[in-house]
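Q: Mind looking at a prediction? Sequence and model below.
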Amino acid sequence: MVKCATDALELGIIRYGKTARQGVAALSYLAEVYASDGGAVTSAEVGKARGMPQALAAKLLSEASSAGLVIGTTGPGGGYRLARDPAEITLADIVWIYERKQEEPPCPFGPGWCGTGNPCPLHDGFVELERQSTEFLEGTTLAVFEG
């Protein structure tokens with residue numbers, strides 16, 4: 001089950017970029033190893049577990065720390081851990097760190113088409129897909145990754 005959400009993001013079922021997908025992958029690892037006692041893991045461990053360079057894992061975790069989702073500590077025994085219980089962090093919380101939320105529907109005819117007349121034949125389907133995507137991100141927490 002660990003790969004389901006990241007697979008959906010990666011396959012473009014939900015339209016978010018590579019950085020957001022990698023952010024979900026990095027934080028999902030922190031959820032897998034989450035312990036309320038506050039054990040931290042290094043960015044190298046996250047990178048190795050998720051098949052990404054350590055520098056990228058460190059960058060993603062640093063950005064998540066700035067957003068308040070991750071706590072990073074330096075020095076011996078330092079590393080990263082989730083700032084709160086995985087059940088309190090949604091995929092939307094993570095994705096919006098790395099992606100700009102799109103306010104307009106993904107019209108295949110480009111900006112300026114929607115809202116200027118009759119919608120294209122795909123309009124209602126794309127609006128519904130966007131609604132379901134947002135609902136999925138807002139309704140899915142990192143608890144699905146807990147070990």
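A: That came in fine, so what should we check first?

Q: Just give me the longest helix of the chain.
A: Here the longest helix in the chain is taken by residue count, with DSSP state H as the criterion, and it is helix 123-139.

Q: Okay, buried residues for it please.
A: Along helix 123-139, the positions that meet the burial threshold by neighbour count (16 or more other Cβ atoms under 10 Å) are H123, F126, L129, E130, S133, F136, L137. All C-beta atoms are positioned from the backbone trio N, CA, C, and that covers glycine.

Q: possible to save these as a markdown table with pLDDT?
A: What follows is the buried residues of helix 123-139, written out as a markdown table (pLDDT from 0 to 100):
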| residue | pLDDT |
| --- | --- |
| H123 | 77 |
| F126 | 77 |
| L129 | 82 |
| E130 | 80 |
| S133 | 85 |
| F136 | 90 |
| L137 | 91 |
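
Q: Identify, from these, the entry nearest to V144.
A: Distance to V144 across these (Cβ to Cβ) is lowest for F136, with 11.4 Å.

Q: For stretch 75-86, list the C-alpha coordinates in PDB.
A: In PDB, the C-alpha atoms belonging to stretch 75-86 read as follows (Å, rounded to 0.1, in the frame of the first residue of the first chain):
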ATOM      1  CA  GLY A  75      24.700  17.400  15.400                       C
ATOM      2  CA  PRO A  76      25.200  13.800  16.600                       C
ATOM      3  CA  GLY A  77      22.000  11.900  16.600                       C
ATOM      4  CA  GLY A  78      20.400  14.600  14.500                       C
ATOM      5  CA  GLY A  79      18.100  14.200  11.600                       C
ATOM      6  CA  TYR A  80      14.500  14.700  10.600                       C
ATOM      7  CA  ARG A  81      11.200  13.600  12.100                       C
ATOM      8  CA  LEU A  82       7.600  14.500  11.500                       C
ATOM      9  CA  ALA A  83       6.400  17.600  13.500                       C
ATOM     10  CA  ARG A  84       3.100  15.900  14.300                       C
ATOM     11  CA  ASP A  85       1.400  12.600  14.200                       C
ATOM     12  CA  PRO A  86       1.100  11.200  10.600                       C
END
